[in-house]
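Engineer: Build me a model:
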Amino acid sequence: MPRKLVLSLLAAAAMAACSSTPPATSSQPVNPPAAAPAPAAQTSPAQPDANAVDPAAIKALQDMGASLQTLKQFEVDISLTGERVLQDGQKLQHTATANLDVVQPNKIRAQMRSARSQRDLIYDGKTVTLYQPEQKYYSQAQFSENLAALVDRLRDRYGVEVPSADLFLWGTPAAPVDNMTSAMNAGQDIIAGDLCNHYAFRQGQFDWQIWISAGARPLPRKLVITNRTDEARPQSITLYRWNLNPKFGNATFAFTPPPGAKSAEFVPLKSR
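Structural biologist: Below you'll find the model as predicted:
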C-alpha cells in the first residue's frame with residue numbers, strides 16, 4: 001500500500017480511538033467414483049497465490065484511481081472503525097464518521113465526528129479553515145493548490161489528517177503500485193447492496209483489502225488495513241457511501257465564524 005494511503009487511512013480510523021471475474025473456486029474437487037482409481041497427485045483447483053502479484057489486480061486498482069480522478073464533484077459518507085491494542089494484547093474497537101463534500105480540483109468541506117472529537121475542514125480554493133465546533137476555535141491559512149497538495153500540506157506541516165485522503169491520491173503518482181509484494185483477486189462480495197470485486201494486497205508492513213464496485217463506475221466501497229508490525233494485527237475498516245450527483249449551495253465551501261467563535265493560529269509541527 002502506498003505510504004500515504006496507509007498513513008492517512010490509519011490516522012483517520014484512529015480518529016475515534018486516540019475484475020468482474022472472480023478467482024477460481026476454492027471448494028474441494030468432487031471425489032471420483034469409487035471404482036475409478038484416484039489420480040496419483042490430486043490437487044484442489046487453483047487458488048490465489050498470496051506471494052504473487054496479479055497484474056489484473058493492479059490494473060483494477062489503477063482503473064479505480066483513474067475513475068476517481070474523473071469525478072468533478074461528489075459527496076461521500078464515510079464510516080471508520082479502528083482498533084486500539086492494550087498492553088496485554090486485548091483490542092478495543094472505536095468508531096468515527098466523516099462526510100466529504102468535494103468539487104475538484106480545489107474545494108472540500110469535511111465534517112469529522114467521533115465521541116472524542118469534532119472537526120470541520122473547509123477549503124474554497126483560496127483559504128483553508130479548520131474549525132472545532134465544541135471549543136468554537138477556528139484556524140485559517142491561505143492556500144491555492146489542489147486537494148492532493150492540500151492533503152500533503154496539512155499532514156506534513158500541521159499534522160492534520162484528512163479522512164480518506166487517498167480518494168485524492170489514487171490514480172496519481174502519489175499512490176504508486178510498483179512496490180506490491182502480493183496482489184490478488186479475492187472474488188466478489190455484496191457491500192451495502194452493491195456487487196463488488198474484492199482485492200487483497202501486501203505492501204511493506206501492511207496487508208490491505210479493497211472492495212470496488214463491479215459496475216460501470218469502479219468506486220471503492222470498503223477498505224480494510226491490517227498492521228503486521230503489531231502481533232495483535234489491529235485493523236482499520238472504512239466504508240464508503242457515494243452520491244455522485246450532489247447539489248451544493250453557495251455556502252457549502254464558505255466559512256463564516258459563528259457567534260462566539262475565536263480565531264487561533266495553525267501551529268506548525270516542530271522540525272525533526
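
Engineer: Okay, helices next: where are they in this structure?
Structural biologist: With DSSP state H as the criterion, the chain has helices at 3-13, 55-70, 147-158.

Engineer: mind checking which of those is nearest residue 189?
Structural biologist: Smallest distance to residue 189 across the helices of the chain (CB to CB): 14.3 Å, for helix 55-70. Where C-beta positions appear, they are placed from N, C-alpha and C, glycine not excepted.

Engineer: got any ranges where the stretch 1-150 of the chain has weak pLDDT?
Structural biologist: 1-51 (pLDDT under 70).

Engineer: the strands in it, which residues?
Structural biologist: 73-85, 91-103, 107-114, 118-123, 127-132, 137-142 (DSSP state E, counting those that start in this stretch).

Engineer: Quick one: residues in contact with the second one.
Structural biologist: Translated: strand 91-103. 12-13, 15-17, 71-86, 108-115, 147, 163-164, 167, 232, 234, 246, 248, 252-253 (CB atoms under 8 Å, 6 or more residues apart in numbering).

Engineer: do the same with the last one
Structural biologist: Contacts of strand 137-142 from elsewhere in the structure, counted by CB under 8 Å, 6+ apart, are 126-132, 255, 257, 261-266.

Engineer: who wins for neighbours among those?
Structural biologist: residue 128 (23 neighbours; other CB atoms under 10 Å).

Engineer: Kindly reformat the strands of the stretch 1-150 of the chain as CSV containing distance to residue 180.
Structural biologist: Formatted as CSV, the strands of the stretch 1-150 of the chain follow (distance: least, CB to CB, whole Å):
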stretch, distance to residue 180
strand 73-85, 24
strand 91-103, 27
strand 107-114, 29
strand 118-123, 31
strand 127-132, 33
strand 137-142, 36
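
Engineer: And these: which comes nearest residue 218?
Structural biologist: strand 73-85 (13.9 Å).

Engineer: on contacts alone, who are the packing partners of the closest one?
Structural biologist: For strand 73-85, the packing partners by 3 or more CB pairs under 8 Å, 6 or more residues apart in numbering; DSSP states H and E come out as helix 3-13, strand 91-103, strand 235-243.

Engineer: So for residue 132, what's the nearest residue that isn't a sequence neighbour?
Structural biologist: If the residues on either side of it in the chain are set aside, residue 132 comes closest to residue 119, at 5.9 Å by CB to CB, 6 or more residues apart in numbering.

Engineer: from what I can see that neighbour touches residue 129, true?
Structural biologist: No. Assessed by CB atoms under 8 Å, residue 119 is found out of contact with residue 129, at 10.7 Å.

Engineer: Apart from its chain neighbours, what residue comes closest to residue 120?
Structural biologist: That would be residue 131: by CB to CB, 6+ apart, it lies 4.3 Å from residue 120.

Engineer: surely that neighbour meets residue 119?
Structural biologist: Yes. At 7.2 Å, residue 131 counts as touching residue 119 under the criterion of CB under 8 Å.

Engineer: Tell me the buried residues in stretch 185-205?
Structural biologist: The neighbour-count check on stretch 185-205 (16 or more other CB atoms under 10 Å) flags 185-188, 191, 194, 196-203 as buried.

Engineer: How much space separates the residue nearest to residue 120 from residue 83?
Structural biologist: From residue 131 across to residue 83, the span is 28 Å (CB to CB, to the nearest Å).

Engineer: what's near enough to touch the closest residue in space to residue 234 that isn't next to it in sequence?
Structural biologist: Nearest residue to residue 234 in three dimensions, chain neighbours excluded: residue 83, at 4.0 Å (CB to CB, 6+ apart). Shown in contact with residue 83 (CB under 8 Å, 6+ apart): 17, 91-94, 232, 234-236.
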